[in-house]
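S.K.: Next input, structure requested:
(one chain, ligands or ions: 2)
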Amino acid sequence: MAENIKNAERVIHQINVALKYLEGDILPALGMDNVESEMLLGIKILEAQENERKRIARDIHDGPAQYIANAVMRVDFCKRIIEKNIDEGLKELFELKEILKRALKEVRDIIFDLRPMSLDDLGLNQTIHELVKSITQDHDLIINLKLKPVKDEIEPIIQVAVFRIVQEILNNVKKHSKAKNVEIKLDYGLKYLMLVVNDDGIGFDVEKTLDEVKKRGESFGLLGIMERVKQLQGDIHIESKRGIGTTFKIKLPVNRKVLKDEGEN
Ligand SMILES: Nc1ncnc2c1ncn2[C@@H]1O[C@H](COP(=O)(O)OP(=O)(O)OP(=O)(O)O)[C@@H](O)[C@H]1O
Ligand SMILES: [Mg+2]
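M.R.: Ligands and ions are numbered 1, 2, ... in the order given. Below you'll find the model as predicted:
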């Protein structure tokens with residue numbers, strides 16, 4: 001594995017060098033350190049994607065796959081019981097149904113995590129409502145939602161971005177913040193939307209943390225949020241104070257046409 005990564009690094013490095021050369025960039029001006037750390041980050045992102053697949057496989061294996069295997073065994077058991085005692089058989093059937101219901105819920109959770117279908121049917125606001133509902137079911141967190149009505153249609157790619165950003169911010173709130181209250185505000189303009197998420201947790205040193213996660217290349221939550229915003233040419237501002245809490249302010253275009261139009265002006 002380590003050897004493969006090294007080889008891949010070398011190849012990517014060579015391609016990078018060749019590309020820069022073809023583009024006419026002056027290599028030394030780039031500084032080799034920078035090139036190398038960017039390459040390493042690229043590899044780490046690939047690794048993180050692979051880990052994510054592993055996690056999903058494990059979730060399916062440990063959750064629904066177990067329940068379904070159990071249910072299949074119980075069907076045989078049920079058959080035998082029903083032949084002898086109908087009441088016992090009915091009880092077994094009831095339990096079988098409960099197992100299948102649990103499996104179904106876990107499958108739905110995994111699908112929701114991968115790509116909430118409700119984004120297409122119900123839209124962004126409703127999907128955020130669902131996410132918040134499922135979080136507050138399992139966590140002692142009060143989440144106050146202030147979602148304004150959507151003015152114009154939000155392009156699907158932007159909806160997914162906002163959803164993923166809210167998901168990661170809330171993951172971090174659960175994992176790190178010790179917050180009791182969260183407020184999520186989403187306001188839609190004709191061209192841009194504004195997302196503000198605020199928690200009353202322990203806060204953190206934003207600059208220092210970003211520097212560290214870039215160097216370590218192991219955490220991609222904050223970096224992923226920054227990257228999404230950057231790709232969509234939005235703005236992000238993170239303000240955090242120790243003992244007070246953290247606020248994310250994110251501005252994104254409602255579709256890519258906005259960017260094209262603004263670029264032309
Ligand atoms: N709302 C928050 N409150 C307090 N600390 C936070 C908050 N959000 C992020 N942090 C700090 O920033 C660090 C980096 O967050 P990031 O999401 O990039 O990584 P992670 O959550 O540790 O790992 P990953 O997201 O890859 O699972 C966290 O380890 C935590 O120390
Ligand atoms: Mg995180």
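S.K.: show me the contacts for the most far-flung residue of the chain relative to its centre.
M.R.: Distance to the chain centre peaks in the chain at Lys84, reaching 50.6 Å (criterion: Cα atoms, centre = their mean). Neighbour list for Lys84: empty [criterion: Cβ atoms under 8 Å, 6 or more residues apart in numbering]. (Each C-beta comes from the backbone N, C-alpha and C, glycine too.)
S.K.: what's the spacing between it and ligand 2?
M.R.: Lys84 sits 54 Å away from ligand 2, going by Cβ to the ion, to the nearest Å.
S.K.: likewise Gln231?
M.R.: From Gln231 to ligand 2 the distance is 19 Å (Cβ to the ion).
S.K.: how deep is that residue tucked in, by neighbour count?
M.R.: Residues lying near Gln231 (other Cβ atoms under 10 Å) number 10.
S.K.: picking up where we left off before, per-residue confidence at the residue farthest from the centre of the chain?
M.R.: Turning to Lys84, the model gives it a pLDDT of 93.
S.K.: list the contacts for the closest residue to ligand 2 within the stretch 1-150 of the chain?
M.R.: For the stretch 1-150 of the chain and ligand 2, the shortest gap (Cβ to the ion) falls at Ala48, measuring 11.4 Å. Contacts of Ala48 were listed using Cβ under 8 Å, 6+ apart, and they are Phe220.
S.K.: in what helix or strand does it lie?
M.R.: Per DSSP states H and E, Ala48 falls inside helix 32-60.
S.K.: how about that helix: buried residues?
M.R.: Of all the residues in helix 32-60, those buried under the rule 16 or more other Cβ atoms under 10 Å are Val35, Met39, Leu40, Ile43, Lys44, Asp59.
S.K.: same check, this time on stretch 188-205
M.R.: Within stretch 188-205, the residues scored as buried using 16+ other Cβ under 10 Å are 188, 193-204.
S.K.: tell me the contacts of Glu262?
M.R.: Glu262 neighbours (Cβ under 8 Å, 6+ apart): Lys191.
S.K.: ok so it is a helix residue?
M.R.: Yes: counting by DSSP: H, G, I helix; E, B strand; the rest coil, one finds Glu262 located in a helix.
S.K.: just to revisit the earlier point, so how far is Val213 from the residue of the stretch 1-150 of the chain closest to ligand 2?
M.R.: Applying Cβ to Cβ, to the nearest Å, the value for Ala48 to Val213 is 12 Å.
S.K.: Show me what stretch 88-97 is in contact with.
M.R.: Ala71, Arg74, Val75, Phe77, Cys78, Ile81, Ile82, Glu83.
S.K.: before we move on, what about stretch 239-247?
M.R.: By Cβ under 8 Å, 6+ apart, the residues outside stretch 239-247 that reach it are 173, 177, 179, 196-206, 238, 249.
S.K.: Now the stretch 151-265 of the chain against ligand 1: closest residue?
M.R.: For the stretch 151-265 of the chain and ligand 1, the shortest gap (Cβ to the nearest ligand atom) falls at Gly221, measuring 2.1 Å.
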